[in-house]
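Novice: Pasted the sequence and its predicted model underneath.
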Amino acid sequence: MLGKLLGARYQVIQVLGAGGFGETYIAEDRQRPGYPRCVVKRFRPTNQNTSFLTVARRLFYTEAETLEKLGRHDQIPRLLAYFEEEKEFYLVQEFIEGLSLNDELRAGKKQSEAYVFSLLEDVLGILSFVHNQGVIHRDIKPSNLIRRNSDGRLVLIDFGAVKSIETQMAGEPKDQMELTVGIGTQGYMPCEQLAGKPRFNSDIYAVGMIGIKALTGLQPLQLPNSPQTHEIVWQNHAQVSPSLAGVLDKMVRYHSSDRYQSASQVLEALGEISSPVPPTELPPEESNRLGKVRRLLVVTTGLAAVILLVFWVGKNLIPLSTNFNANFLLKTSNQSESAADRISFGTQSLTPWQINPYKQEGIDLIKSGAYEQAISALKNAIKVNRSDPETLIYLHNAQIGNARSYSIAVVVPLVTSPQSSLEMLRGVAQAQSEINAAGGINGIPLKVGIAHDDNQAKVAQSVAQELVKNADILGVVGHGISDTTLAAASVYEAGELVTISPISSAVQLSGFSGYIFRTMPSDRFTARALSNYMLTQLKKEKVVVFYNSASVYSKSLKDEFKNALFYAGKGKVLSEIDLARPDFNAKVSVDRAIEKGAEVILTVPSSDVADRALQVIHINRRRLSLLAGDGFYSEKTLEIGGEYAAGMVLAIPGNITGKQGEFFQNNGLKIWGGNVNWRTALAYDATKALVAAIGKNPTRKGVQRSLSAPNFIISGATGDVSFRATGDREAPVQLVIVTPKTPEKPENGYQFTPLK
C-alpha cells in the first residue's frame, strides 16, 4: 500500500496498524497546498457477496455521518472524507501532531494529583460531548489520547467506526449482534462491556482506570480485585487524597449501576472537592472494649482541600467511613521488593483490601508481644469478617505466642490473584484450626507463616530462599501456579525443604525433585477426563483448543489433552489458538473454527488471559460445545460468561462430594460462613500431609523421608493422600457443568454443578 494513491487524492506514506478487517495509514493529501498529513482507515469486507456489501455500505455511511458530527468538537479529529473504492471503504481524518498519553504514563512513574485532576477534567469534557451525541467510544485508553503539540490539550482519537462495522458484519439480526463482545481493551473495559453490552458509563470506567494508572504507575491488569466485591484494589499503591480517591473509586465500580451515570456528574464531583468540605458532626461510637473515643480532624490543603475524619483509639486510627482510603492509614508492604517483607507470621497484613480495624490492632499487638490482647482483638476481627483466613491464621499464631511450636509456610499470589489465594489460605487455616484444637502435633501446636510471590518466577525464587533460611520452617504449602512452583523447586531442593503444591498441575513437576510433592493431580488426569467426556458423552471428535503459550500450566494441559486423544485412537485437534498473541481476535478465531468443522471448543486459559477466553465464550454463543480446565473455575466465569457459558463442562481436581468431602465442607461452612471449593480442599490436604510427616520426624529431612515412604497415607478432604515416587498424587478429577441457579429463572445467575 505504501505510495498508493487512494481516492485519487490521498497518498499512503506510512502504515500505522493492521488487523484482520482493515488497516490504518498516514497519508498525504496531494490536492492541498503543502500536502498536509491525514489518517486513512481502510475497511476490507471479508465477504464480497452483494447482500453482505449492501449491509456493509449502509453501516459504513451511518458511522461516517456520526464521525462527521463528533469532529465538530475541537478535541476530536475532524472527518475530512469518506469513500468507497474497489469494494473497500475508506475514512480520512485529521492527523493530530503530538504524543500519546502512553508516553506520559510510563510504567513505574507516578503522576501527581494535580496532573490527574487536570487529565480527568480534560477527557471528561470531551466525553460529555460524545455521550450527548448518543455515542459510546468503547476503547478509551492512553494510546487513544494524544497530547496535541499546538496547545497541550488532549485529543480523543479512534472512535472505531471500522471495528464497529466488524462486529455487525456476520449477517445476523441486530438484536443478536448487540450481545456479542464489543470493542475494548483489557484493563480499561468493565464487565458489562466485556459481555458485549457497553453503557455510557463504560467509558467513564475507562477514564477512571487511566487516572488510577497515572497515580499508581501500574498497568490496570497489575491491580488485583477484591474477592468479595470485585472492586479494583489500588489505593495502597498511591499517595492520594480521600476525596479524589473516592471519585475514582466511583468511576470504576464493578457494577455499572454503582458508577457515575454521566460525565457531567463526575465533573460536578470533581468541582465539589476543589473547595474545603465543612467538618461533619458525627456521634461518638459506643463500645465497651474501646472505651473513651476522641475525634481528630486532619485538614490538608493543596489542589483540593482534603478533610479526613478519623477516630483515635489508643494507638489505632479507625476510619469513620468506608468511603475513605483506609490504606492511606494502614500501612501495607505488598509491593515491597524485599523477600523478607513478603513473609509474615502475624506482624503485618498481606491482604490490603481486607480493611478491618480490629485485625490491624491485633497485628500491632503481636508486634509488641502483647499476645493476650492480640487474641482478643483478632477474635473481634473474625466477628467482623469471618471469611478472612489471614486473621484466623494470625489468631492461632497469637495463641501460641512464644511457646514451642512447629512451623510451616504457605506461599500464594495474594496481590495478583487474591481470590484463588484466599481459597488456598482457607484450606491451610482450616487444617491449622483442627490440628491445634486437637492438641497439636504430638502435643506441640502448629504455627503458619504466609508469603506472597505475585505469580512471578524471580519473586518466587527470592521468597523460597528466604523461607529456606528460616530453620524453624519444616515445610511449605505452595505456590499458586505451576510456573512459580517450578521456578522455586530447585531452591527448595538445595535447602532440603519440602514443598507440597495444592494447585500446580503441569506434568513437568512429575519427578522434578524428591522435595516437590503435590496434592493436585497431574494435567494428565485432567486431560483424560475432558477427552473421555468429549468422546463418550458428547460423542464429538473435532475440537479447537484456546490456550496461553506463555503459561506452563496452559501448555501442559493442552499437550496432555492432545496426548489423551492420540492414545484413545480417535478425536482430532483442528487448531491450537494462542490467547496471548497480540493480534488475537476472538470473532475471527471462532468463525474459522466453525468453518473448519469444529464441534467442540476446549479453553485452558491462565488467569492473565481469562478475559480473552471469556470473549471466546460470548462470540461462540453456544454454537459449539464447551470444555474447560480448572483455570476457568471462578465466579468471574459465571458472572461474565452468563447464559453463553451454560452447558460448559470443566474438569476440576478433587472430589468433595463424598463422605470425607461432606465432613470437610460442613466444617468449612462453620468456620467461613460459606461453601469451600477444590482449591481450599487441596490446600487442606497439603497441610494435613505436612503435619502427618512432621509428626513422624520433625526435621526437614525427616519430613521428606516420611512423605516419600511407600506406606505414607492420610485421610484428606478429597480422599486418601499418598504420593508416588514422582511426588504425584493419583487424585480423582471431578467434572462440573455450568447450570442456572434456578432453571425456571436463569436471570438469577449460574453455578457449577457436579456431573454424576
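Specialist: Okay, I see it. Numbering: from 1, shown residues only.
Novice: Which residues are in contact with residue 431?
Specialist: Neighbour list for residue 431: 683-684, 687-688, 691 [criterion: C-beta atoms under 8 Å, 6 or more residues apart in numbering]. For the C-beta atoms, the positions are set from N, CA and C on the backbone; glycine is no exception.
Novice: repeat that with 7 Å
Specialist: Shown in contact with residue 431 (C-beta atoms under 7 Å, 6 or more residues apart in numbering): 684, 687-688, 691.
Novice: do the same with residue 695
Specialist: Residues near residue 695 by C-beta under 7 Å, 6+ apart: 441-442.
Novice: in whichever strand or helix holds it, what's buried?
Specialist: Using DSSP states H and E, residue 695 sits within helix 678-696. Buried residues in helix 678-696, counted by 16 or more other C-beta atoms under 10 Å: 678-695.
Novice: Which of the contacts of residue 431 lies at the shortest distance from residue 437?
Specialist: residue 691 (12.9 Å; C-beta to C-beta).
Novice: is it true that the closest one touches residue 434?
Specialist: No - using C-beta atoms under 7 Å, residue 691 is not in contact with residue 434; the gap is 9.5 Å.
Novice: quick one: which of the contacts of residue 431 is nearest residue 508?
Specialist: Among the contacts of residue 431, residue 687 lies closest to residue 508 (C-beta to C-beta), at 24.0 Å.
Novice: Next, the contact list for the closest one, please.
Specialist: So residue 687 contacts 427-428, 431-432, 477 (C-beta under 7 Å, 6+ apart).
Novice: thinking again about what came up before, export the contacts of residue 431 as TSV, with columns for pLDDT and distance to residue 602.
Specialist: As requested, the contacts of residue 431 are arranged in TSV below (pLDDT from 0 to 100; distance: C-beta to C-beta, whole Å):
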residue	pLDDT	distance to residue 602
684	96	29
687	98	32
688	97	33
691	97	37
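Novice: and the two most separated of those residues?
Specialist: 684 and 691 (10.7 Å).
Novice: Domain ranges for the protein, per the record?
Specialist: Per automatic domain parsing, the structural domains of the chain span 5-94, 98-272, 340-515+672-712, 523-653+736-754.
Novice: Looking at those domains, spot the one closest to residue 727.
Specialist: Of all the domains of the chain, it is domain 340-515+672-712 that lies closest to residue 727, at 6.8 Å by C-beta to C-beta.
Novice: Report the distance from the closest one to the chain centre.
Specialist: Put simply, domain 340-515+672-712 sits 23 Å off its chain's centre (C-alpha atoms, centre = their mean, to the nearest Å).
Novice: Quote the end-to-end distance of that domain.
Specialist: 33 Å (C-alpha to C-alpha, to the nearest Å).
Novice: mind starting the numbering at 327 from now?
Specialist: Right, with 327 as the first residue, what we last looked at is domain 666-841+998-1038.
Novice: hmm, back to that, determine which stretch of the domains of the chain is the most buried.
Specialist: Scoring the domains of the chain by mean neighbour count under mean count of other C-beta atoms under 10 Å gives domain 666-841+998-1038 as the most buried, with a mean of 22.
Novice: Tell me the helix or strand right after the helix holding residue 1021.
Specialist: helix 1026-1034.
Novice: and the angle from that following helix to helix 1004-1022?
Specialist: In this structure, helix 1026-1034 runs at an angle of 120 degrees to helix 1004-1022, with axes from the mean of the first three to the mean of the last three C-alpha atoms, to 10 degrees as the basis.
Novice: downstream neighbour of helix 1026-1034 in the secondary structure list?
Specialist: Later in the chain than helix 1026-1034, the nearest helix or strand by DSSP H and E is strand 1040-1042.
Novice: how about the domains of the chain in CSV, adding distance to residue 1047?
Specialist: Listed next are the domains of the chain as CSV, based on distance: least, C-beta to C-beta, whole Å:
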stretch, distance to residue 1047
domain 331-420, 49
domain 424-598, 27
domain 666-841+998-1038, 5
domain 849-979+1062-1080, 12
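Novice: just so I know, which of the ones you listed lies nearest residue 987?
Specialist: Here domain 666-841+998-1038 is closest among the domains of the chain (C-beta to C-beta), at 7.1 Å.
Novice: Give the helix, strand or coil label for residue 338.
Specialist: When classified by DSSP: H, G, I helix; E, B strand; the rest coil, residue 338 comes out as strand.
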